[in-house]
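Chemist: fold the following, please.
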Amino acid sequence: MRRFLPLLILVLATGCATSRGGGAWSNGWWVQTIPIEGPDGANHTMVMRYRGADMADGWAPASAPPGDFAYYNERLGATVYADTSCGKRFDDAPLTVLSNHLTMGFQDVRIEEETTLTLGGRDGLERISSAALDGVPIGLASTVIKKGPCVFDLVLIAPPTAFEQSLRDYRDFRDGFDAEYDR
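Modeler: This next block holds a predicted model:
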């Protein structure tokens, strides 16, 4: 059960952003086409691409439903995932509210640390929390960024015993965040 717990948590923890399908890797970027309704009511499309830094040794691509992409470290029992909410699903709520969505489904959530930072030229909010899922303790790091017509969620879920090592790798990944748009 311990081995699969982070993947189970991944599925349950994606409260803020849910992928709307369509997206693929291209030249190191996760690329999606986003339908946008213009002020004139006309529909347009835009291509969005985003990425984080390369993951450290020991992290491998993993299934990410319903997220965009994920990495899993078997030795640490930890998962890092990324997801977006774009276009009509974009929520212009404050970063604190968007961050709260990421802890839905967890019990005993305690925010240990909250930091405002700049990623990809935009303000972001990182929270470090402890929580439980069905009585099993976990460590949780989440970063929320709004850029263009998208909200980006970057999340780490790890057992408390591996949280500090996982957090270093997560922050390296997070610090490489960038997003671009083509109209």
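
Chemist: so residue 157 touches residue 73, yeah?
Modeler: No - with contact defined as CB atoms under 8 Å, residue 157 does not count as touching residue 73 (11.1 Å). (C-beta placed from N, C-alpha, C; glycine too.)

Chemist: mind checking which of these two has more residues around it?
Modeler: residue 157 (29 against 22; other CB atoms under 10 Å).

Chemist: would that one count as being in a helix?
Modeler: No - under DSSP: H, G, I helix; E, B strand; the rest coil, residue 157 sits outside any helix and is assigned strand.

Chemist: quick check: beta-bridge partners of it?
Modeler: residue 79, residue 140 (DSSP bridges).

Chemist: distance of it from residue 166?
Modeler: Going from residue 157 to residue 166 by CB to CB, to the nearest Å gives 9 Å.

Chemist: kindly report the same for residue 159.
Modeler: Residue 159 sits 9 Å away from residue 166, going by CB to CB.

Chemist: and for those two, which residues touch both?
Modeler: 76, 78, 139 (CB atoms under 8 Å, 6 or more residues apart in numbering).

Chemist: may I ask which of those has the most neighbours?
Modeler: Busiest of these [other CB under 10 Å] is residue 78, holding 26 neighbours.

Chemist: what's the spacing between it and residue 37?
Modeler: 38 Å.

Chemist: what do you get for residue 114?
Modeler: Taken as CB to CB, the span from residue 114 to residue 37 is 34 Å.

Chemist: on that earlier part again, overlap in contacts, residue 157 and residue 73.
Modeler: residue 79.

Chemist: higher neighbour count, residue 159 and residue 166?
Modeler: Taking neighbours as other CB under 10 Å, residue 159 and residue 166 compare with residue 166 leading, 26 against 18.

Chemist: surely the more buried one and residue 78 touch.
Modeler: Yes - the pair residue 166 and residue 78 qualifies as a contact (CB under 8 Å) at a distance of 4.0 Å.

Chemist: who touches both of those two?
Modeler: Joint contacts of residue 166 and residue 78 (CB under 8 Å, 6+ apart) are 156, 158.

Chemist: and the residue nearest the centre of the protein?
Modeler: residue 154 (2.4 Å; CA atoms, centre = their mean).

Chemist: element containing that one?
Modeler: Assigned by DSSP states H and E, residue 154 falls within strand 150-158.
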